[in-house]
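Enquirer: return a 3D structure for these sequence lines:
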Amino acid sequence: MRYKELITDVEYIIEKKSLKSQITVLTEKLRTTENRAKTWIEFTEKTFEFACHAKERFENGDIQTKKAI
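Expert: Predicted coordinates:
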């Protein structure tokens, strides 16, 4: 996939290793970002769930529930 007169074999190997290394780093960063997004979504869902039901639970709940809220 290279043209012999543009780069040498050694340059090709070095560049190939560099690009593979970059792919590995970027893949890991993507995985980390996906995990952070998943955590954020779960936290947001729990927060909205609490906000939607807090008033009703406070009005109808026992003393422990009211303290927790």
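Enquirer: now do the helices in this structure.
Expert: Assigned by DSSP state H, the helices in the chain fall at 9-60, 63-68.
Enquirer: in terms of mean pLDDT, which of those helices ranks lowest?
Expert: Mean pLDDT per stretch puts helix 63-68 lowest among these, at a mean of 91.
Enquirer: helices or strands up against it?
Expert: When contacts are defined as 3 or more CB pairs under 8 Å, 6 or more residues apart in numbering; DSSP states H and E, helix 63-68 sits against helix 9-60. No exception for glycine: its C-beta is placed from N, CA and C like everyone else's.
Enquirer: reformat the helices of the chain as JSON lines; add mean neighbour count.
Expert: Below are those laid out as JSON lines (neighbours: other CB atoms under 10 Å):
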{"stretch": "helix 9-60", "mean neighbour count": "10"}
{"stretch": "helix 63-68", "mean neighbour count": "10"}
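Enquirer: any idea how far stretch 53-68 is from the chain center?
Expert: With CA atoms, centre = their mean, to the nearest Å as the basis, stretch 53-68 stands 34 Å off its chain's centre.
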